[in-house]
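K.L.:
just the structure for this:
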Amino acid sequence: MSYLAPAEFVTKMVDAGESKVFMSTRDTLIRAYMAGAILALAAVFAVTVAVQTGSFLTGAILFPVGFCMLYLMGFDLLTGVFVLAPLALLDKRPGVTVNGVLRNWGLVFVGNFAGAITVAFMMAWVFTYGFNIEPGAVGQKIATIGEARTLGYAEHGTAGWFTIFIRGMLCNWMVSMGVVGAMISTTVPGKVISMWMPIMLFFYMAFEHSVVNMFLFPFGLIMGGEFSFVDYLVWNEIPTVLGNLVGGLAFTGLTLYATHVRTKPKRELHTQAA
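P.N.:
Next up is the predicted model:
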C-alpha cells in the first residue's frame, strides 16, 4: 500500500534525523539555502495571489506549492530539522550527540537565511526595476508586513513577545505535520496531499514561521520599512525560532515518537505471545 503505518513513518523520521546530523557541511548548507529560497518565492507567490484576487484564503490555498517542491527535492527547513534531529538523539542512535544536533540546526539556519535574503534582494529589484520606481501593490503589501509584525507586537511588551512565541509554536505544530506528511506515503500525490493540508492551515492563520520571516522582514527593510533590524530580531525572529522549536518538537516529534516508537516493542511482544 502507498500509505505507511505510523510506526513505519515515525521510524523514518528518526532515520531522517540521524542522516541530517551526519550530513556534510556542504550538503547541509546547499539544501538549506535552496529551501529558504524556494519558500521565499512561495511567500511572494501567495501574497501576489492574495493581492490580485482580494482573497487571502486563495493565497493560503496555493502557498503550500513551495513547501511541497522543496521537500520533494530533499531540501531542509529549520522548522523540519527542529523536529527530526532531536529524535535521533532521543533514540540513542550511535554517534548522535547534542553538539551534532546543534551543529545541524546552526547550519540550516544560516543556509535558510542566506536563501531567503537572496530572494528578498532579487524580488526588491524586480518590483522596483532596480530601485527606480515604486514597488507596486504587491511589493508594498509585503514591505508593510514587517512593520505590523514587529512594532505591532512591541506595543504590547512582554505579552506581545509571548504572543509571537505561541504563534511560532502553533506554526511549527502544523509545519512539522507537513514534514511528516512527506513520509507517510510512497507516492508523489500522496505526499503532496499530506503536506498541503497543514501548510495551508498555518499560512491562512498567519502563524509565525521563522524561515518565511527571513524573507518578509529583510525585504521590508530593503524597501524602507519603518522598523530596524534589531526590532526584527527581538520582536519577531528570536521568539518565532524558539516557538517553532518548542511547538514542532513537543506537539509533533515527541508525541509521535512516544506513542509509535517507544511502544512498538511492547506491541510486537504482545502479538507474538498471542
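K.L.:
excluding sequence neighbours, find me the nearest residue to residue 28.
P.N.:
Distances taken as C-beta to C-beta, 6 or more residues apart in numbering put residue 107 closest to residue 28, at 4.4 Å, once the chain neighbours are dropped. Quick note: C-beta positions are derived from backbone N, CA and C, even for glycine.
K.L.:
can you check the pLDDT for the one you found?
P.N.:
Note for residue 107: predicted pLDDT of 98.
K.L.:
same question, residue 265
P.N.:
For residue 265, the pLDDT comes out at 55.
K.L.:
now do residue 273
P.N.:
Note on residue 273: pLDDT of 44.
K.L.:
now do the contacts for the residue nearest to residue 28.
P.N.:
Counting by C-beta atoms under 8 Å, 6 or more residues apart in numbering, residue 107 makes contact with 25, 28-29, 32.
K.L.:
in TSV, list these along with neighbour count, distance to residue 231 and secondary structure.
P.N.:
Shown next, in TSV, are the contacts of residue 107 (neighbours: other C-beta atoms under 10 Å; distance: C-beta to C-beta, whole Å; DSSP: H, G, I helix; E, B strand; the rest coil):
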residue	neighbour count	distance to residue 231	secondary structure
25	11	31	helix
28	22	30	helix
29	19	28	helix
32	27	25	helix
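K.L.:
run through the helices of the stretch 101-250 of the chain in chain order.
P.N.:
Assigned by DSSP state H, counting those that start in this stretch, the helices in the stretch 101-250 of the chain fall at 136-148, 151-154, 157-181, 188-204, 210-222, 229-232, 238-248.
K.L.:
buried set for the first one?
P.N.:
Buried residues in helix 136-148, counting neighbours by 16 or more other C-beta atoms under 10 Å, are found at 138-139, 142-143, 145-147.
K.L.:
what's the angle between it and helix 210-222?
P.N.:
With axes from the mean of the first three to the mean of the last three C-alpha atoms, to 10 degrees applied, the angle from helix 136-148 to helix 210-222 works out at 110 degrees.
K.L.:
run the chain-centre distance for helix 136-148.
P.N.:
21 Å (C-alpha atoms, centre = their mean, to the nearest Å).
K.L.:
taking the centroid of this structure, which residue is nearest it?
P.N.:
By C-alpha atoms, centre = their mean, the chain has its centre lying nearest to residue 79, at 4.1 Å.
K.L.:
got the angle between the one helix or strand it maps to and helix 210-222?
P.N.:
Following DSSP states H and E, one finds residue 79 within helix 78-90. Orientation check (the same axes, to 10 degrees): helix 78-90 against helix 210-222 gives 150 degrees.
K.L.:
I'd like the numbering to begin with 18 instead of 1 from here.
P.N.:
In the new count, where the first residue is 18, that last one comes out as helix 95-107.
K.L.:
against which helices or strands is helix 95-107 packed?
P.N.:
helix 23-38, helix 115-145, helix 174-198, helix 227-239, helix 255-265, helix 271-277 (3 or more C-beta pairs under 8 Å, 6 or more residues apart in numbering; DSSP states H and E).
K.L.:
just to revisit the earlier point, pretty sure the residue nearest to the centre of the chain sits against residue 229.
P.N.:
No - between residue 96 and residue 229 there is no contact under C-beta atoms under 8 Å: 9.5 Å.
K.L.:
name the residues contacting each of the two.
P.N.:
In terms of C-beta under 8 Å, 6+ apart, residue 96 and residue 229 are not both contacted by any residue.
K.L.:
where in the chain is pLDDT low?
P.N.:
Scanning the chain for pLDDT under 70 picks out 18, 281-291.
K.L.:
surely residue 67 meets residue 76?
P.N.:
Yes - using C-beta under 8 Å, residue 67 is in contact with residue 76, at 3.3 Å.
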